[in-house]
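Asks: Kindly generate the corresponding structure for this input.
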Amino acid sequence: MKYTTLPNTDIKVSKICLGTMTFGQQNTEAEGHAQMDYALEKGVNFFDTAEMYSIPSKKETYGSTEKIIGTWFKKTGRREEVVLASKIAGPNPNFGYMRDKLDFSPASIKFALDQSLQRLQTDYLDIYQLHWPERKTNCFGQRGFKVQDDAWEDNFHEVLETMDSLIKAGKIKHIGVSNENPWGVMRLLEESKYNNLPRIKTIQNPYSLLNRLFENASAEVCIRENVGLLAYSPLAFGVLSGKFLTGESHPNARLSLFPQYSRYSSAKSAEATKLYQEVAHKHGLTLTQLALAFVENQPFVTSSIIGATTMDQLKENIATIDVVLSQEIIKEINSIQAIIPDPAP
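Replies: From the prediction side, this is the model:
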């Protein structure tokens, strides 16, 4: 395994992070435990979850992923070997079953964190992330910012003050954001810089061969401000494994079970995927190796979040840490990006 440190900390994390959002629906508790056993055995010391998991989130399975991680901690006693990240959900009218109010008020943050810690059977989180902004921006499936009245009032200072109190209480060590844009990141950094408040260390956004929008502006913020990207969906819901190009049926695949997640299902995505597969095979690689190695080796990526529903998938994903892409391969990847830029917003 390869390691780096969380920006502006002394915490060592694996360049591959175990994503757990399938635990509780696509994966049973026993399967989740087996994945965590194997990942840690292979040097993956970084696990990511969220209060709303498993996905798709619904009342019956809300919090199930954190519970499964919690029972694994209790069974194994290996909490101190894991760098653990979770998230608080922002406003969404469909998730009212989580809390009375989905916002980032002090009361909501403290309540959500306490509930997560209870489910996870731990006293602290290494990283606590805002899952998406309170502002109506950077929404899943929406390309770019759209001007609209969202009745949002700037509360970055209050949010950071709340996080500061939780850090001082020992409940969290560091903070991060997810599904955020450059303006939100810079506003948070500005508040922390001028008011001696906690600084965000990470941003968790989608990034893959099919979605390189992060490079447009956010990558520069990460490099210049030393904020690490935790790249999620590096295989684009499994599309970049190439399995959907075969014409075979995959009834247990995420996109088959949950067709509402159509972000990577466009004709352009399929066309780009086929071209990337040709590059991979030309150089003696699988498409999975090409796709994950591309993300893992970007200078602004702290860790790439992989998710798997089978042990074979998990083993293949973790093994990609040893793949190094030549400049010739990168040039060929970029030529495809130039022809079909970011088919999945």
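Asks: Helices of the protein, residue ranges please.
Replies: Taking DSSP state H as the criterion, the chain contains helices spanning 29-41, 64-76, 106-120, 156-168, 182-195, 218-225, 254-257, 267-282, 287-296, 311-319, 327-339.
Asks: Next one: the residue sitting nearest the centre point of the chain from Ser208, what distance?
Replies: Residue closest to the average C-alpha location in the chain (Cα atoms, centre = their mean): Tyr232, at 3.7 Å. Distance of Tyr232 to Ser208, computed by Cβ to Cβ, to the nearest Å: 9 Å. (C-beta placed from N, C-alpha, C; glycine too.)
Asks: same check, this time on Asn195
Replies: According to Cβ to Cβ, Asn195 stands 36 Å off from Ser208.
Asks: Looking at these two, which is more packed in?
Replies: Neighbour count, other Cβ atoms under 10 Å: between Asn195 and Ser208, Ser208 has more, with 24 against 12.
Asks: looking at the sheet around that one, what are its partners?
Replies: Beta-bridge pairing for Ser208 (DSSP bridges): Asn211.
Asks: Which residues are in contact with the nearest residue to the residue nearest to the centre of the chain once chain neighbours are set aside?
Replies: The shortest distance from Tyr232 to any non-neighbouring residue, by Cβ to Cβ, 6 or more residues apart in numbering, is to Ile305 (4.6 Å). Residues near Ile305 by Cβ atoms under 8 Å, 6 or more residues apart in numbering: Cys17, Leu18, Gly19, Asp48, Gln204, Leu230, Ala231, Tyr232, Ser233, Pro234.
Asks: Those: which two are farthest apart?
Replies: For the contacts of Ile305, the farthest-apart pair by Cβ to Cβ is Leu18 and Ser233; their separation is 14.4 Å.
Asks: more crowded one of the two?
Replies: Between Leu18 and Ser233, counted using other Cβ under 10 Å, the more crowded position is Leu18 (28 against 25).
Asks: returning to that earlier point: what about the helices of the chain, which gets the closest to Lys136?
Replies: Among these, the nearest to Lys136 by Cβ to Cβ is helix 182-195 (12.1 Å).
Asks: Go ahead and measure how far the closest one is from the middle of the chain.
Replies: Centroid displacement of helix 182-195 relative to its chain, using Cα atoms, centre = their mean, to the nearest Å, is 21 Å.
Asks: now stretch 49-56
Replies: On the basis of Cα atoms, centre = their mean, stretch 49-56 is displaced by 11 Å from the centre of the chain it belongs to.
Asks: for it, which positions count as buried?
Replies: For stretch 49-56, the neighbour count (16 or more other Cβ atoms under 10 Å) marks Thr49, Ala50, Glu51, Met52, Tyr53, Ser54, Ile55 as buried.
Asks: Need the residues you listed in CSV (columns: pLDDT and distance to Ala219).
Replies: CSV is the format used below for these (pLDDT from 0 to 100; distance: Cβ to Cβ, whole Å):
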residue, pLDDT, distance to Ala219
Thr49, 98, 25
Ala50, 98, 23
Glu51, 97, 28
Met52, 95, 27
Tyr53, 96, 27
Ser54, 95, 30
Ile55, 92, 26
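Asks: Mind putting those into a markdown table with distance to Leu125?
Replies: Converted to a markdown table, the buried residues of stretch 49-56 look like this (distance: Cβ to Cβ, whole Å):
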| residue | distance to Leu125 |
| --- | --- |
| Thr49 | 10 |
| Ala50 | 11 |
| Glu51 | 11 |
| Met52 | 15 |
| Tyr53 | 14 |
| Ser54 | 18 |
| Ile55 | 19 |
